[in-house]
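Engineer: Give the three-dimensional model of this entry:
(one chain, ligands or ions: 2)
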Amino acid sequence: MKARVISVNNQKGGVGKTTTALAMAAILTEQNKQVLLIDCDGSSTTLTKILCQQAEVDYRQLAVTLTDLILFKTLGRDATAFADRAVIHCPESYDLLPADNKLVSIAAALATQNDMEIRFKALAGLVDYYRRYYDYIILDAAPVLDLFATNQLVAADELLIVSQCQKASREAIHELVHTVDSFVHPINPNLQVKGILLTMLDKRAKYGKEQIREMREEFADIHIFDAVISRATEAERYVDSGHSIICQSPKGSVTQGYREFMKEFLMERQVK
Ligand SMILES: Nc1ncnc2c1ncn2[C@@H]1O[C@H](COP(=O)(O)OP(=O)(O)OP(=O)(O)O)[C@@H](O)[C@H]1O
Ligand SMILES: [Mg+2]
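Structural biologist: Ligands and ions are numbered 1, 2, ... in the order given. All right, here's what the predicted structure looks like:
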């Protein structure tokens, strides 16, 4: 059991989860860590598309994806036999377990399972197989809080909540924390809620400062990272480049924000 497994999560869409997962992987790789990104989002498969582009692999012709591995599990078959074949090795040196759009129906497939080990722990079993090869495994969640999202939280050691400050994002955090407390902790008591990373915010502007203060009041019992990711057009464009924002815009404010965040994140600190 080597890897630290991090779920980057929030069922609110478009808050910066994938951007964050990729930035974390890039920064950890610079520190010579072995990183596996797992694309848990069949609705956009952004990570899969970006990393397939880097690895010069056609994402429409992947032989084995995360969907196949989870379906093997639901059929009671040994998914680990195919687990190594599924991983894509990228030149920037973090690896990817890719998704395809069939992954969106995996929650329904899991819901038919009466075996609780499969229903809630299908992904955890798979993640445990990969732990020995990596220092960090990062799970990039889809914007949905379903049974597969619960699987991600059951598979993880740490939860990083990525959020903007708007009302919808705040409501989503309350639901996520409720899910952790009510459903995940009874199965995975080791899951640590590491905290909330605020994104797409100008922390120097008066309004940005107000929003941060309101977030700290509303989520008094959850750690909110001091580092904040600013909104910048460079981060809107990185996706098309096929690289993380860290590589695409090394001197930009967003990269600087992610570097500050990672310093904080990597300082061991028990939260909650
Ligand atoms: N700091 C930022 N400033 C400006 N735009 C950003 C920033 N971070 C991410 N974006 C852009 O916002 C959009 C959503 O980001 P991203 O895909 O990372 O969010 P997500 O939470 O993963 O979304 P989804 O829930 O759909 O998976 C993308 O177009 C991305 O390029
Ligand atoms: Mg995403």
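
Engineer: Secondary structure element holding the closest residue in space to residue 135 that isn't next to it in sequence?
Structural biologist: Spatially, and ignoring its direct neighbours in sequence, residue 135 is nearest to residue 33 (4.1 Å; Cβ to Cβ, 6 or more residues apart in numbering). (Glycine included, C-beta is placed from N, CA and C.) Assigned by DSSP states H and E, residue 33 belongs to neither a helix nor a strand.

Engineer: And residue 152, by the same measure?
Structural biologist: Residue-wise, residue 152 maps onto helix 147-155 under DSSP H and E.

Engineer: so what strands line up beside the helix or strand that that helix is followed by?
Structural biologist: Using DSSP H and E, the helix or strand that follows helix 147-155 towards the C-terminus is strand 158-163. Taking DSSP bridges as the criterion, strand 158-163 forms sheet pairs with strand 4-9 (parallel), strand 192-198 (parallel).

Engineer: Could you check how many residues crowd around residue 69?
Structural biologist: Using other Cβ atoms under 10 Å, residue 69 has 23 other residues around it.

Engineer: Give me the three-state assignment for it.
Structural biologist: With DSSP: H, G, I helix; E, B strand; the rest coil as the basis, residue 69 sits in helix.

Engineer: Okay, it and residue 86: tell me how far apart.
Structural biologist: 6 Å (Cβ to Cβ, to the nearest Å).

Engineer: who touches both of the two?
Structural biologist: residue 97 (Cβ atoms under 8 Å, 6 or more residues apart in numbering).

Engineer: Indicate the residue of this structure located nearest to ligand 2.
Structural biologist: Nearest residue of the chain to ligand 2, counting by Cβ to the ion: residue 18, 3.2 Å away.

Engineer: what about that residue, helix or strand, and which?
Structural biologist: Using DSSP H and E, the element containing residue 18 is helix 17-30.

Engineer: Please pull up the helix or strand immediately following that helix.
Structural biologist: That would be, after helix 17-30 and using DSSP H and E, strand 35-40.

Engineer: Mind listing residues that contact that next one?
Structural biologist: Contacts of strand 35-40 (Cβ under 8 Å, 6+ apart): 3, 21-22, 25, 28-29, 45-48, 51, 66, 87, 94-99, 103, 123, 127, 130, 133-142, 148-149, 152.

Engineer: What angle do strand 4-9 and it make with each other?
Structural biologist: On the basis of axes from the mean of the first three to the mean of the last three Cα atoms, to 10 degrees, strand 35-40 is oriented at 40 degrees to strand 4-9.

Engineer: Name every strand pairing with strand 35-40 and say which way it goes.
Structural biologist: Strand pairing (DSSP bridges) places strand 35-40 next to strand 95-97 (parallel), strand 136-141 (parallel).

Engineer: Kindly export the last one (C-alpha atoms) in CSV.
Structural biologist: Coordinates of the C-alpha atoms in strand 136-141 are reproduced here as CSV (Å, rounded to 0.1, in the frame of the first residue of the first chain):
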residue,chain,number,x,y,z
TYR,A,136,-0.1,9.4,-5.9
ILE,A,137,-3.3,8.3,-7.5
ILE,A,138,-5.7,11.2,-8.4
LEU,A,139,-9.3,10.5,-9.1
ASP,A,140,-11.0,13.2,-11.3
ALA,A,141,-14.7,13.2,-10.5
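
Engineer: Let me see the confidence value for the residue in the chain sticking out farthest from the centre.
Structural biologist: Going by Cα atoms, centre = their mean, the residue of the chain most distant from its centre is residue 206, 30.2 Å out. Listed pLDDT for residue 206 reads 89.

Engineer: Kindly report the same for the one 3 residues further on.
Structural biologist: The predicted structure scores residue 209 at 92 on the pLDDT scale.

Engineer: could you list every residue that touches it?
Structural biologist: Taking Cβ under 8 Å, 6+ apart as the test, what residue 209 contacts is residue 203.

Engineer: Specify the local secondary structure of it.
Structural biologist: Strictly by three-state DSSP, residue 209 counts as helix.
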